[in-house]
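Chemist: Can you look at this prediction? I've put the sequence above it.
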Amino acid sequence: MIAFRNFRVSDAEGVVTLTNECSAADQLDEPTSLAEFQDQMMAPNADFERDLLVAVSQGHLVGFVNVWIEPTRRGILRLRVHPGFRNRGIGTALMGWALEHAGEMDLALVDAPIKARLTGQQAFLGKFGFALERCGWVMRLELSGELPLPLIPAGFNIRNFQDEGDVEALTAITNVAFAEHWGEREYAVDEERYWTSRPWFDPGLVWFVHEARSGQVAGYAWARINEERIKLTGDRAGHIGELGVHPDFRRRGLGRALLLRAVNALKERGMAAAELEVDGGNPNAKRLYESLGFLKKGELRWYRKQMAGHDQAGGTKR
Ligand SMILES: CC(C)(COP(=O)(O)OP(=O)(O)OC[C@H]1O[C@@H](n2cnc3c(N)ncnc32)[C@H](O)[C@@H]1OP(=O)(O)O)[C@@H](O)C(=O)NCCC(=O)NCCS
């Protein structure tokens, strides 16, 4: 007998264990930790007791679905069924709840990210009316060789994130740099304040470039070393989470300089590689990454279901 019920805080460990079992079985390469899950659980806009359903068999969590709800009325779906409990209708039941919930929450669309090689799981999404919307690339640079040093163009200065006083600047440059980017939305200062106050946040891995004359922030980069994940995977890869240049300051070498600053810092911190995700429809960024030797490692496909009565929405982060 499988019982379905809403998430409770005491389920957190069960969700993490199941996530990691599925990650190993499906080679998703995305193990998580309790701390990471709790970060998500407490994030602004998150309400897992409302938006996450668990499937339980004999006291064990064997499946869950979460509809992560963005303020733009975009849902992001994460559905996992334990490998030993597949093909018994659990996924179908969880998906049924998720789509009904998305309707009740008046979502305009639901997006589901999935690794390109998981064809069976993509067919499953197709049965529920999801269609391929976008492909993202996962790119990786091995840091064993010589790296060029960043060359900051004349008239610009680079500095690290300093303290809480920089949160507004970070929010502003993020929103302006990513305004036209697929899947992004406008972020609130409180959201950035939350993420920059997590215990893992390292101001030494966030950089701003300023125009010297005006003091204006022209670009930024944000890297992360996720020690918990490194412990789980044994792969000492750091992550370039965000890289953005203000539209008025593009094509002057700032993107390249920020990226080089970030990869050099990851190497100085003992990372063996740098990884990042880039939207497949972002040729400028792909060209920049390839020019520094980043190689495509995998593909993440975004499937989308448009909800009845709606035609548009967008945006997520992290
Ligand atoms: C991608 C981005 C960070 C590049 O910043 P930038 O300061 O303009 O980049 P640079 O001037 O350092 O350019 C470096 C290289 O990138 C490539 N490139 C960047 N913009 C390009 C464009 N508009 N057309 C063609 N190539 C481009 C080129 O290879 C360029 O080298 P070159 O000038 O010697 O030809 C910037 O366009 C941006 O902020 N875009 C929106 C946010 C985004 O997509 N971020 C990346 C998310 S993964």
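Modeler: Sure, I can see it. Numbers count the residues shown, from 1 in each chain.
Chemist: Pull out the buried positions in the helix or strand where I230 lies.
Modeler: Using DSSP states H and E, I230 falls within helix 227-233. Within helix 227-233, the residues scored as buried using 16 or more other C-beta atoms under 10 Å are R229, I230, L232. Every residue, glycine included, has its C-beta placed from N, CA and C.
Chemist: which residues does the second one contact?
Modeler: I230 makes contact with R236, A237, according to C-beta atoms under 8 Å, 6 or more residues apart in numbering.
Chemist: How much space separates it from D163?
Modeler: 27 Å (C-beta to C-beta, to the nearest Å).
Chemist: So which residues of the protein form strands?
Modeler: For the chain, applying DSSP state E gives strands covering 2-6, 52-57, 60-69, 74-81, 109-115, 131-142, 156-160, 206-211, 217-224, 237-245, 273-279, 295-306.
Chemist: Any idea how many residues pack against the residue in the stretch 201-318 of the chain that the ligand sits nearest to?
Modeler: Closest residue of the stretch 201-318 of the chain to the ligand, C-beta to the nearest ligand atom: G255 (2.3 Å). When neighbours are counted by other C-beta atoms under 10 Å, G255 registers 22.
Chemist: May I ask you to confirm that it is in contact with V245?
Modeler: Yes - between G255 and V245 there is a contact at 5.0 Å, judged by C-beta atoms under 8 Å.
Chemist: Quick check: neighbours shared by these two?
Modeler: G219.
Chemist: Read off the pLDDT value for the residue of the stretch 51-200 of the chain found nearest the ligand.
Modeler: Nearest residue of the stretch 51-200 of the chain to the ligand, counting by C-beta to the nearest ligand atom: A177, 4.5 Å away. Per-residue pLDDT puts A177 at 97.
Chemist: Please identify the residues of the stretch 101-250 of the chain in proximity to the ligand?
Modeler: Contact residues (C-beta under 6 Å from any ligand atom) of the stretch 101-250 of the chain with the ligand: A177, F178, H181, L243, G244, V245, R250.
Chemist: With adjacent residues omitted, what lies nearest to the first one?
Modeler: Sequence neighbours aside, G244 is the residue nearest to A177 in space, at 2.8 Å (criterion: C-beta to C-beta, 6 or more residues apart in numbering).
Chemist: Would you enumerate the residues in contact with the one you found?
Modeler: Going by C-beta under 8 Å, 6+ apart, G244 touches I173, T174, V176, A177, F178, G219, Y220, A221.
Chemist: which pair in those spans the largest distance?
Modeler: V176 and A221 (14.9 Å; C-beta to C-beta).
Chemist: more crowded one of these two?
Modeler: Neighbours were tallied for V176 and for A221 using other C-beta under 10 Å; the higher tally belongs to A221 (26 against 16).
Chemist: can you tell me the average pLDDT over stretch 270-286?
Modeler: pLDDT averaged over stretch 270-286 gives 96.
Chemist: got it, and stretch 68-81?
Modeler: 96.
Chemist: Number the residues from 249 up from this point.
Modeler: Will do, 249 is the new start, and the previous item becomes stretch 316-329.
Chemist: Under the pLDDT cut-off, which ranges of this structure? List them.
Modeler: Confidence mapping of the chain against pLDDT under 70 gives the ranges 559-566.
Chemist: mind listing what the closest residue in space to A466 that isn't next to it in sequence touches?
Modeler: Excluding its sequence neighbours, the residue lying closest to A466 (C-beta to C-beta, 6+ apart) is F497, at 3.9 Å. Residues near F497 by C-beta under 8 Å, 6+ apart: V457, E459, A466, G467.
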